[in-house]
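Sequence and computational prediction follow.
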Amino acid sequence: MAEVTEYPQILRRILEEYAKIKPAVGEIDTELIIDEKTGHYELMRSGWLNGNRVHGSLIHVDIRGHKFWIQHDGTAYGIARELVDAGVPKDHIVLAFKPPEIRKYTDFAVA
């Protein structure tokens, strides 16, 4: 089981791995934005695909106290599963992108 003090490093390592993945199509850049002081971690994509602008968050996670609050997850595998694989207990992960009344039906923390 991972220690709470390791949480920033765990999340940084996971996001850095995702940041290495270049989109297969388009002229799209990936930008990792981390503010450890406020506990804000975000992986953004921006660029152009077939003449259309691409700009948005692929992953957005905040660390609040001893919990990960997953605000957005645009990955296929799931950032929550990545955290669990890294030793984070499920009750330290909040699927913030789900309505509060639905969270109680997940295997993760409600708040």
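Nice, thanks for sending it over.

Whichever strand or helix holds Val54 pairs with which strands?
According to DSSP states H and E, Val54 maps onto strand 52-64. Strand pairing for strand 52-64, determined by DSSP bridges: strand 40-49 (antiparallel), strand 67-73 (antiparallel).

Now do the buried residues in it.
For strand 52-64, burial by neighbour count (16 or more other Cβ atoms under 10 Å) applies to Leu58, Ile59, His60, Val61, Asp62, Ile63. For the C-beta atoms, the positions are set from N, CA and C on the backbone; glycine is no exception.

still on that earlier bit, any idea which of the strands paired with strand 52-64 is most buried?
strand 67-73 (a mean of 20; mean count of other Cβ atoms under 10 Å).

Longest helix of the protein, counting residues only.
helix 7-19 (DSSP state H).

quick one, that helix and strand 52-64 angle?
Put simply, helix 7-19 runs at 160 degrees to strand 52-64, going by axes from the mean of the first three to the mean of the last three Cα atoms, to 10 degrees.

distance of the closest residue to Phe68 other than its chain neighbours from Glu36?
Take Phe68 and drop its neighbours on the chain: the residue closest to it by Cβ to Cβ, 6 or more residues apart in numbering is Ile93, 4.9 Å away. Distance, Ile93 to Glu36, using Cβ to Cβ, to the nearest Å: 18 Å.
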